[in-house]
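S.K.: Turn this into a structure:
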Amino acid sequence: MNKIRKAPKGILGFPVAPFTTSNKLDENALARNIQFLLDEGLEAIFVACAAAEYPSLSKEEYEAMVEVAVSVTAGKVPVYTGVGGNIQTSLELARISADRGADGYLILPPYLVTGEQAGLAAYFKAIAESTDLNSIVYQRDNVSLSISTLEALAEVPQVVGVKDGLGNMELNGLLTHTFGKRFGWLNGMPLAEVTMSAYVPLGFDSYSSAISNYIPHISRKFYNGILSGNQETVKEIYQQVIMPINNIRRQRKGYAVSLIKAGMEIMGMPVGQTVRLPILPVEKEHYAEMQTILENALDRFPKETPIQSIQ
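M.R.: Residues are numbered from 1 along each chain as shown. Below is the predicted model of the structure:
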């Protein structure tokens with residue numbers, strides 16, 4: 001049977017890595033996190049990625065997270081894993097992902113190494129071709145992809161998507177207009193709801209949603225508003241929910257991760273506040289601010305039944 005070569009569309013779930021107070025992976029809490037995302041209709045699960053503190057995971061923890069994700073999703077939605085960093089580790093994790101039944105992986109940039117475009121193309125190509133899984137390449141931090149690099153990757157059937165975490169809209173416009181539907185286009189900016197209104201006109205049709213770990217119905221309502229042109233709803237959610245949360249996120253480095261765990265605890269889905277160094281837990285003052293924001297958000301946008309995608 002031929003493998004479907006396309007990136008997932010819609011709102012993408014990025015579960016966290018729940019750690020106990022003794023800094024052990026809590027597989028049961030992870031399973032609940034993933035089940036919640038499935039129940040809320042997210043279109044794919046990306047496990048052991050940046051939201052799950054990927055660089056801090058041991059090989060055994062990584063394997064366990066992939067196994068939990070594949071088991072809980074049970075084929076309902078695609079499961080993607082995070083691979084990246086040094087090339088040898090990336091190839092090993094790609095093989096683990098394939099062996100444990102994942103559908104694809106998100107290839108993160110090499111860390112602490114700035115490569116030439118030819119080197120970056122070879123890096124992504126080597127990982128993508130190492131298995132038959134679908135792969136999505138991620139430009140962020142020290143990686144900015146050129147047309148020549150994507151031309152090389154377009155020749156690799158396993159490469160189905162490009163995720164952007166740079167926010168260079170001139171580059172994004174150039175890439176999307178050059179390659180069109182050859183790739184799926186994913187918004188991977190921190191708190192992607194902040195920028196999604198600008199990404200949709202360029203052809204981006206999916207985004208990673210941190211807030212869907214605790215207020216998925218609001219993220220769905222916001223995205224549906226963008227797609228349907230309901231600017232009143234988009235503006236209200238943006239001003240009353242997204243920007244206030246983003247303002248807290250920007251207060252400290254690492255809050256892109258630890259603020260998710262705080263939001264989940266506030267919303268009654270505790271996964272613990274333990275994060276791994278150098279990330280730090282959310283400070284009490286910011287936790288209280290987050291609690292107020294979420295209380296106000298639920299007053300304005302109460303949760304009823306899961307809101308369906310209009311995409």
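S.K.: Can you tell me the centre-most residue of this protein?
M.R.: Taking C-alpha atoms, centre = their mean as the criterion, Ser208 is the residue nearest the geometric centre of the chain, at 3.7 Å.
S.K.: what helix or strand does that residue sit in?
M.R.: Per DSSP states H and E, Ser208 falls inside strand 206-209.
S.K.: So what pairs up with Gly184 in the strands?
M.R.: With DSSP bridges applied, Gly184 shows beta-bridge pairing to Gly161.
S.K.: right, and it touches Lys6 too?
M.R.: Yes: between Gly184 and Lys6 there is a contact under C-beta atoms under 8 Å: 6.2 Å. From N, CA and C alone the C-beta is placed, and that goes for glycine too.
S.K.: Tell me which of those two has more neighbours.
M.R.: Each of Gly184 and Lys6 has its neighbours counted (other C-beta atoms under 10 Å); Gly184 has more, 20 against 13.
S.K.: all helices in the stretch 151-300 of the chain, in order from the N-terminus.
M.R.: 169-179, 196-199, 216-228, 231-237, 243-249, 255-266, 284-300 (DSSP state H, counting those that start in this stretch).
S.K.: pull the CA atoms of the strand holding Ser208 into CSV?
M.R.: The C-alpha coordinates for strand 206-209 follow below in CSV (Å, rounded to 0.1, in the frame of the first residue of the first chain):
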residue,chain,number,x,y,z
SER,A,206,-1.7,24.4,10.0
TYR,A,207,-0.1,25.5,13.2
SER,A,208,1.3,24.2,16.4
SER,A,209,-1.0,25.2,19.3
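S.K.: model confidence over that strand, on average?
M.R.: For strand 206-209, the mean per-residue pLDDT is 98.
S.K.: about what we covered before: tell me which of the helices of the stretch 151-300 of the chain is the most buried.
M.R.: With neighbours taken as mean count of other C-beta atoms under 10 Å, these reach their highest mean count in helix 255-266, at a mean of 22.
S.K.: one step back: what's next to the strand holding Ser208, contact-wise?
M.R.: Around strand 206-209, the neighbours that count as contacts under C-beta atoms under 8 Å, 6 or more residues apart in numbering are 7-14, 42-43, 46, 51, 163, 184-188, 192-193, 196, 199, 216, 219, 223.
S.K.: Let's see that with 7 Å instead.
M.R.: 7-12, 14, 46, 184, 186-188, 192-193, 196, 219 (C-beta atoms under 7 Å, 6 or more residues apart in numbering).
S.K.: re earlier: please identify every residue contacting each of Gly184 and Lys6.
M.R.: Val160.
S.K.: before we move on, back to that, kindly reformat the helices of the stretch 151-300 of the chain as CSV containing mean pLDDT and distance to Leu93.
M.R.: CSV is the format used below for the helices of the stretch 151-300 of the chain (pLDDT from 0 to 100; distance: least, C-beta to C-beta, whole Å):
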stretch, mean pLDDT, distance to Leu93
helix 169-179, 98, 26
helix 196-199, 98, 28
helix 216-228, 98, 27
helix 231-237, 98, 36
helix 243-249, 98, 27
helix 255-266, 97, 19
helix 284-300, 98, 32
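S.K.: returning to what we had before: most neighbours of all the contacts of strand 206-209, which one?
M.R.: Phe46 (30 neighbours).
S.K.: Surely that one is in a helix?
M.R.: No: in this structure, Phe46 is strand, not part of a helix, as judged by DSSP: H, G, I helix; E, B strand; the rest coil.
S.K.: For it, list the residues it contacts.
M.R.: Phe46 is in contact with Leu12, Gly13, Phe14, Tyr80, Gly82, Leu106, Ser208, counting by C-beta under 7 Å, 6+ apart.
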